[in-house]
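[1] Here is a sequence together with a model predicted from it:
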Amino acid sequence: MNLEIILTPKAKDSLVSIVLFIRLKWGDRSAEKFVKRTYKTLDTIASQPYIFKTYQGTNVRKGFISKQTSVVYRILHDHIEVLFFWDNRQEPII
């Protein structure tokens, strides 16, 4: 059973921002590959929500899309809430 994935407004904004950055820096093809990898990771999370570790005992989890990008999410009763996407080259998240 797959849980529904819901992206918060911050998640949508951060994803668009990362995709636009990739498109400007490396082109459409790289941006498309990143989007496909992102959806593949989200599909994995939907079917196996506990696959990634929690952060310091919280209910927030950090999954890796690529070496440069992570997805931060939490598992709720009937769905998964994606909080935001993170460029791992920035300062640590929490």
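    Happy to help now that I have it. Note that this is a predicted model, so its numbers are computed, not measured.
[2] just checking, F52 is part of a strand?
    No. Using DSSP: H, G, I helix; E, B strand; the rest coil, the secondary structure at F52 is coil, not a strand.
[3] Now it. Nearest residue, chain neighbours left out?
    G63 (4.0 Å; CB to CB, 6 or more residues apart in numbering). Where C-beta positions appear, they are placed from N, C-alpha and C, glycine not excepted.
[4] Next: K67.
    Nearest one to K67, counting by CB to CB, 6+ apart, is N88 at 7.0 Å.
[5] now swap in T41 and tell me
    Nearest to T41 is I65, by CB to CB, 6+ apart, at 4.8 Å.
[6] Return the residues in contact with the one you found.
    I65 makes contact with F34, R37, T38, T41, V71, F85, according to CB atoms under 8 Å, 6 or more residues apart in numbering.
[7] at 7 Å what do you get?
    Residues near I65 by CB atoms under 7 Å, 6 or more residues apart in numbering: R37, T38, T41, V71.
[8] Return the per-residue confidence for it.
    Here the pLDDT value assigned to I65 is 96.
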